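Visitor: Here is a sequence together with a model predicted from it:
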Amino acid sequence: MGNTLRSELLSAFYGKQQVLHRVTLSAPEHQVTTIIGPTGSGKTTFVRCLNRLHETTPGARLEGDVWLGDVNLYALDPIIVRRKVGMVFQTPNPFPTLSIFENVASGVRLNGIRNKTVISEQVEKSLRLCSLWEEVKTILHQSVSPLTRGQQQRLCVARALAIEPVVLIFDEPTLTLDPLSALRIEELIEDLKRRYTIILVTNNLQQAARVADLTALLLNGELVEQGPPAELFTRPSDKRTEDYLTGRFG
Amino acid sequence: MKEEVLLAAIQRRKVRDRWFTGFLMGMGFFTLLPLFMIMIAVLWNGWRQLFTLSVALAAAGTAEVTALSLVVSVPFGVGLGLYLCDDRGTATANVIRHVANFLSGLPSLLIGMAVYEWLVAPMESRSLVAGSVALAVMAVPYIARETENKLCSRTAWFHDGALAIGASRYQAWTRIALPLLARPLVAAILFSSAHMLGETAPLLFTAGGGRSALRGVFAPVPTLQLRVYGDALTARPSLAGQVYAGALGLTIFTLVIFMLAKWIEYSDAR
Amino acid sequence: MKAPRVHASDRLFVAFLFMFAVFLVALFVAVGFALFRGAWPTLIANPVAHLAGERWVPAQGWFGVAYFLYGTLISSFVGMVFASVVGVGTALLLTQFAHTFAVKAIRALIDVMSVIPSVVYGVWGLFALAPWLRFMPAGLMAAGLILGVMVLPTLIVTVGKMMDSVPQELVDGALALGATRTEKVRIIILPYARIGIIGAIFLCFGRALGEAVAVALVIGSAHGASRSWFAPGNTLASLIAKQFFSADTPLLRSSLYEVGLLLAFVYTVFYIASKLLVWRVSRRVGAV
């Protein structure tokens, strides 16, 4: 069990519109679980439910539970949940008003840590994990704007790592990146899975095939099929999976 | 990071969050407090002398000045709004928009002084028409901006759609965009009227006074705004009831128009 | 953009619309020209020396406006300090802290506040507020508070727009790190919207400077000029409002027009400052 992230009969709504239908899914520890599906199938909504960001949208509502190991996340304070479940977004979103160092340190500071040495150590450790340290160590206290988009995205990963989460969610992290930067993010994900439970949302089937240990397909807010990618991609048991994979829609 | 330390920190942060929320609620309270105080003061002190001939006459004068100024400012304001919307993005339109913004924020007192120089001094008398012109000068940029906001945010797609099926720009506006937007446009004009009613300074040197309304457009006209201001300036407590009655009349006048505008806007949004 | 063949009626229509733009510029020039024409007699003599000095005694030919300029800036400053704290707080409350029925209700009430006539604010300040606040007689302080209340609705709406323009992905980024609403405001909303908020405050400052009627009512009548914030005084606008009407000599009238030009100048300074700030923000938003 440990740090397995599991959703149980999770349904999500915006106002009266239901966008997720009773999704039950397990993302085991030290594995990469990818969620694939066409645009608008509810992938982003699903992962936003996992770290309780969904409820910050006006009019949003949900039913069901999310478990981390044997802890029900919806019985906890959302602030604690978001510290345990880190997230990296579609577009790199470093805070433009903060320096590179402060971006990574911001989450650490939020957690009440004031000791400067501890903060610097934490920042350096996180940047090294994202293999960004060598690239930025001389410009730590400068603005984030000269960084490339790929570097900015890795900075966002470092920012998420700095608060020591146990789960990391990547919401189509390479969507707006060039192929080389995307590849580095993929390598990074492979690297991080030894330490974390990882959920990767992607619309890119090749990417899913490359990095996934488990794959789940969402269509119109329903979980159609889940399993190891080799199985799901080669011997889909559901007709809709086959249609999606062969490009009949999506 | 030790778990207990973190939990303690989270407690502290949540307490701070609650304090800050409370502080902001206090700020919201301070924002609305004057509104309630004004409403209560004006209603309480004003209703006894509200239904008197002098209030009615001044209200009639206010209605005349405002209506006459709309006759001038609506065509020019709407036309200017259409221009800003049609020519959007060009350097000329941006300059014109800046001029309109600048004028709409210009102390309205100065507009009264300018109209005094152009109309009142040569005609040697303050008049209904001078007051209306002063209000109109103030209203044109305001109506233009409202029109542009209302039209542009909503017409872009069917304006372009109309152009795409081969309509001329003239047809796109007059046949397709304007009829669909008649109601928001009326709302925009009503908002501008409420805004005009709120201004006293442009009338100060232009509209004049007198005792009876409707002595012709070139004669001075009494208005609620000026009556309230003139009586209040004496600061005589004995006049307070009369002043409040005028203020109540003016507030009701403004709010009725404002509510009407809101209602039209609301019914259009559905 | 333009199609090779243009409807004939189209060119006419575009020209017709352009006429309105020309009309607006003409209006602008006419207003400016009228003010200059009114001030001309004293303006050609010696514009600066004429208004320099501290004493305004038209009967003796003294037209010093130093105290009125001081009064204008101080009263607007007092008003803006009050309005900034309360207005930014309320805007935060409305945009960040509540998404419910309360927000709609408060917004509607603020809309109502924005259309209450300025003279009604003045009457309220004169008859209701001033006696109530006994420690604060008519003067710059009272004028400042009334100005603050009057600009609040505009300030809240403009500042609220600046806060709404903070990109959602940055807000999400902060929330995903476990920030509370307060921390979200501190690390994202305020730093990002800072310049826009300052621009909005400058814009409202420009508005407050020119308010004549409400200020004339609560600022009292100044017999002697005083630097005190609690003694009767005058602002440039309230001076014009009170004296223009009864100005019986051409010299006094012309001097008041010159005061009007000075007021227009001060307004222009604040207008340009606010536009430059907002322009800087919009450029940055484009760049990020």
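Guide: Perfect, I can see it now.

Visitor: ok, whatever residue of the stretch 1-150 of chain B ends up closest to chain C to C:Ala193 distance?
Guide: Closest residue of the stretch 1-150 of chain B to chain C, Cβ to the nearest Cβ: B:Pro107 (2.3 Å). In short, each C-beta sits where N, CA and C put it, glycine included. With distances taken as Cβ to Cβ, to the nearest Å, B:Pro107 is found 28 Å from C:Ala193.

Visitor: Likewise for A:Glu134?
Guide: A:Glu134 sits 35 Å away from C:Ala193, taking Cβ to Cβ as the criterion.

Visitor: So those two - more neighbours on which side?
Guide: C:Ala193 (27 against 9; other Cβ atoms under 10 Å in any protein chain shown).

Visitor: Just give the closest residue to that one, not the sequence neighbours.
Guide: C:Met162 (4.4 Å; Cβ to Cβ, 6 or more residues apart in numbering or on different chains).

Visitor: The helix or strand hosting the one you found: what's the following helix or strand?
Guide: Per DSSP states H and E, C:Met162 falls inside helix C:140-164. Moving toward the C-terminus from helix C:140-164, the next helix or strand (DSSP H and E) is helix C:168-176.

Visitor: May I see the buried residues of that following helix?
Guide: If you call a residue buried by 16 or more other Cβ atoms under 10 Å in any protein chain shown, then helix C:168-176 has these buried ones: C:Leu170, C:Val171, C:Asp172, C:Gly173, C:Ala174, C:Leu175, C:Ala176.

Visitor: Stretch A:169-187 now?
Guide: Across stretch A:169-187, burial judged by 16+ other Cβ under 10 Å covers A:Ile169, A:Phe170, A:Asp171, A:Glu172, A:Pro173, A:Thr174, A:Leu177, A:Ser181, A:Ala182, A:Arg184, A:Ile185, A:Glu186.

Visitor: Of these, which belong to strands?
Guide: Counted as lying in strands by DSSP state E, out of those, are A:Ile169, A:Phe170, A:Asp171.

Visitor: Out of these, flag the one nearest to chain B.
Guide: Among those, A:Ile169 lies closest to chain B (Cβ to the nearest Cβ), at 20.4 Å.

Visitor: Using PDB, list the CA coordinates for whatever helix or strand C:Val103 lives in.
Guide: Per DSSP H and E, C:Val103 falls inside helix C:101-115. Coordinates of each C-alpha in helix C:101-115 appear next as PDB, following Å, rounded to 0.1, in the frame of the first residue of the first chain:
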ATOM      1  CA  PHE C 101     -23.900  35.300  -3.400                       C
ATOM      2  CA  ALA C 102     -22.200  37.800  -1.100                       C
ATOM      3  CA  VAL C 103     -19.900  38.900  -3.900                       C
ATOM      4  CA  LYS C 104     -22.800  39.600  -6.300                       C
ATOM      5  CA  ALA C 105     -24.600  41.600  -3.600                       C
ATOM      6  CA  ILE C 106     -21.500  43.700  -2.700                       C
ATOM      7  CA  ARG C 107     -20.800  44.400  -6.300                       C
ATOM      8  CA  ALA C 108     -24.300  45.600  -6.900                       C
ATOM      9  CA  LEU C 109     -24.100  47.900  -3.900                       C
ATOM     10  CA  ILE C 110     -20.800  49.300  -5.100                       C
ATOM     11  CA  ASP C 111     -22.400  50.000  -8.400                       C
ATOM     12  CA  VAL C 112     -25.100  51.900  -6.700                       C
ATOM     13  CA  MET C 113     -22.400  53.900  -4.800                       C
ATOM     14  CA  SER C 114     -20.800  54.900  -8.000                       C
ATOM     15  CA  VAL C 115     -24.000  56.600  -9.300                       C
END
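
Visitor: any bit of it sitting next to chain B?
Guide: Yes: on the criterion Cβ under 8 Å from any Cβ of the partner chain, helix C:101-115 is in touch with chain B at C:Ile106, C:Leu109, C:Ile110, C:Asp111, C:Val112, C:Met113, C:Val115.

Visitor: Just the buried residues of those residues.
Guide: C:Ile106, C:Leu109, C:Ile110, C:Val112, C:Met113, C:Val115.

Visitor: tell me the SS of A:Arg6?
Guide: Here A:Arg6 is recorded as strand under DSSP: H, G, I helix; E, B strand; the rest coil.

Visitor: Quick check, central residue of chain A?
Guide: Nearest to the mean C-alpha position of chain A, by Cα atoms, centre = their mean, lies A:Ile169 at 1.6 Å.

Visitor: residues contacting that one?
Guide: A:Val47, A:Leu50, A:Asn51, A:Val85, A:Gly86, A:Met87, A:Val88, A:Ile198, A:Ile199, A:Val201 (Cβ atoms under 8 Å, 6 or more residues apart in numbering or on different chains).

Visitor: Quick one, grab the pLDDT at C:Ala212.
Guide: On the pLDDT scale, C:Ala212 is placed at 88.

Visitor: Buried residues of stretch C:11-21, list them for me.
Guide: Across stretch C:11-21, burial judged by 16+ other Cβ under 10 Å covers C:Phe13, C:Val14, C:Leu17, C:Phe18, C:Phe20, C:Ala21.

Visitor: Next: stretch B:251-264.
Guide: Within stretch B:251-264, the residues that qualify as buried by neighbour count (16+ other Cβ under 10 Å) are B:Thr251, B:Phe253, B:Thr254, B:Leu255, B:Ile257, B:Phe258, B:Leu260, B:Ala261, B:Lys262, B:Ile264.

Visitor: between the strand or helix carrying C:Phe265 and helix C:140-164, how many degrees?
Guide: Element membership of C:Phe265 [criterion: DSSP H and E] is helix C:250-287. Here the directions of helix C:250-287 and helix C:140-164 differ by 30 degrees (axes from the mean of the first three to the mean of the last three Cα atoms, to 10 degrees).
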